[in-house]
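**Student:** Next comes the sequence, and after it the predicted model I'd like to discuss.
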Amino acid sequence: METKYYLVIDNNTSGPFNLSQLREMNLADDTLIWYDGLGDWKKLADLPILRSRLSEQPTPPSFNATEFAIQNGFAKQAFQPIDPYSQQFPRPNNYLAEAIISVLFCFPLAFIAIYKASRVNKLYDEGRHYEALDTATQARNWAIAAVALGVINFIIAIL
């Protein structure tokens, strides 16, 4: 729960205020402040922790689209950083052929691969490029899993 602050302005109690509202007020060091947990009214100058919090202006971290995509699983395969204003995002391989071939090895996993592969072009055409890339990667992974499981089952059957 956010702390509520009260001030004495022109000999009158004002408030409650939250921290962001106090930042906008440009308070003087002799402004009297009280909040829950503080025994009595104190001057801002006597509250160094609050003074430091009032002077802090949060700044957002820098944003790198490529790092964000990699960290959030949108780019499991290698790709070049894309500037959407200078060039078009390349259409990813949908791995549909690989998904269809994987049907020969393991039906259930292959159908998931085919479903994912069939969504790639639609996502790309809707302008959802990172989702298209992520879905293409998932289609590839499901196709690989289907082939691997089929080979393992074949080896077990032989033994």
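**Tutor:** Arrived safely, thanks for sending.

**Student:** name the element Glu131 belongs to?
**Tutor:** For Glu131, the element it lies in under DSSP states H and E is helix 129-158.

**Student:** tell me which residues in that helix are buried?
**Tutor:** Neighbour counts over helix 129-158 (16 or more other Cβ atoms under 10 Å) mark 129-130, 132-143, 145-147, 149-150 as buried. All C-beta spots, glycine's among them, are computed from the backbone N, C-alpha and C.

**Student:** and if you look at stretch 105-116?
**Tutor:** 105-106, 109-110, 112-114, 116.

**Student:** what's in contact with that stretch?
**Tutor:** 95-96, 98-100, 102-103, 135-136, 138-140, 142-143, 145-147, 149-151, 153 (Cβ atoms under 8 Å, 6 or more residues apart in numbering).

**Student:** got it, and stretch 29-43?
**Tutor:** So stretch 29-43 is contacted by 3-9, 27, 44-45, 47, 50-51 (Cβ under 8 Å, 6+ apart).

**Student:** Please report how far Arg51 lies from Phe89.
**Tutor:** 48 Å (Cβ to Cβ, to the nearest Å).

**Student:** just Leu149 next, same as before
**Tutor:** Taking Cβ to Cβ, one finds Leu149 at 33 Å from Phe89.

**Student:** same deal with Leu38?
**Tutor:** If you go by Cβ to Cβ, the gap between Leu38 and Phe89 works out to 55 Å.

**Student:** Domains in this protein, by residue range?
**Tutor:** 5-55, 77-158 (automatic domain parsing).

**Student:** and those domains as JSON lines, adding distance to Phe63 and mean pLDDT?
**Tutor:** Shown next, in JSON lines, are those (distance: least, Cβ to Cβ, whole Å; pLDDT from 0 to 100):
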{"stretch": "domain 5-55", "distance to Phe63": "22", "mean pLDDT": "83"}
{"stretch": "domain 77-158", "distance to Phe63": "13", "mean pLDDT": "83"}
